[in-house]
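1. predicted model and sequence follow; I will ask about them next.
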Amino acid sequence: MKKFLIILSAIFMIGLGCKKENIGGGGLCACSPITYPPLSLVIKNSADVDLLNPKTTGYFDKTKIQLYAKDTNHTIKPINFEIRQPFSYSANQKLEYYQLISNEILLLAKHIDQTFYLRLGDNKLYELNLKVNNNVVEKLLIDKAEAPKEIQTGTSSYIDSIYRLKIS
């Protein structure tokens, strides 16, 4: 009887611990950490050339990019970000641009009026404002103008949270 109860308990725990949560389409195991789509930003010039691609002449190296907020004393607080490589998101579709991505900015964005700053090399300083709902960026403003989405799918919170900054 004791063996039976141990086996039954184990089956119950396994069944409980690995329920799928269909987040973002594929579903995650309950024991996996839940992650949300980061702020993703494709940066292009006026000819649609990828300015985060190391093969592009004059690209923006990660070490030359600053993403930050300012506290009430105007002290700069750096925000963590990465540069993500192009990727495929279905059998025949691919995002061909590198992206600046940040999960930390989602946690910091409390309201659309809160301003973050992005400096690319020695270029202009951009002001970013994010409308975040349920840990997903619903709207990105760059210098008070709504940034366009890079891909319009309506099917994936990750793909739908990739925005575009076009530098002239």
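-> Great, that's in hand. All values reported here derive from a predicted model rather than from experimental measurement. Numbers count the residues shown, from 1 in each chain.

2. for the residue positioned nearest the centre of the chain, give me its contacts.
-> The structure's the chain has its C-alpha centroid closest to residue 38; by Cα atoms, centre = their mean the separation is 1.9 Å. By Cβ atoms under 8 Å, 6 or more residues apart in numbering, the residues touching residue 38 are 101-103, 105-106, 161. To be clear about C-beta, it is placed using only N, CA and C from the backbone, and glycine gets the same treatment.

3. mind running it again at 7 Å?
-> 101-103, 106 (Cβ atoms under 7 Å, 6 or more residues apart in numbering).

4. where in this protein is pLDDT low?
-> For the chain, applying pLDDT under 70 flags the ranges 1-36, 152-158.

5. helices of that one, start to end?
-> Secondary structure of the chain by DSSP state H: the helices cover 2-17, 104-108.

6. what's the first-to-last distance across stretch 63-72?
-> End-to-end distance for stretch 63-72: 26 Å, by Cα to Cα, to the nearest Å.

7. residues of it that come out buried?
-> For stretch 63-72, the neighbour count (16 or more other Cβ atoms under 10 Å) marks 65, 67, 69 as buried.

8. which strand runs longest in the protein?
-> The residue-count maximum for a strand in the chain (DSSP state E) belongs to strand 125-133.
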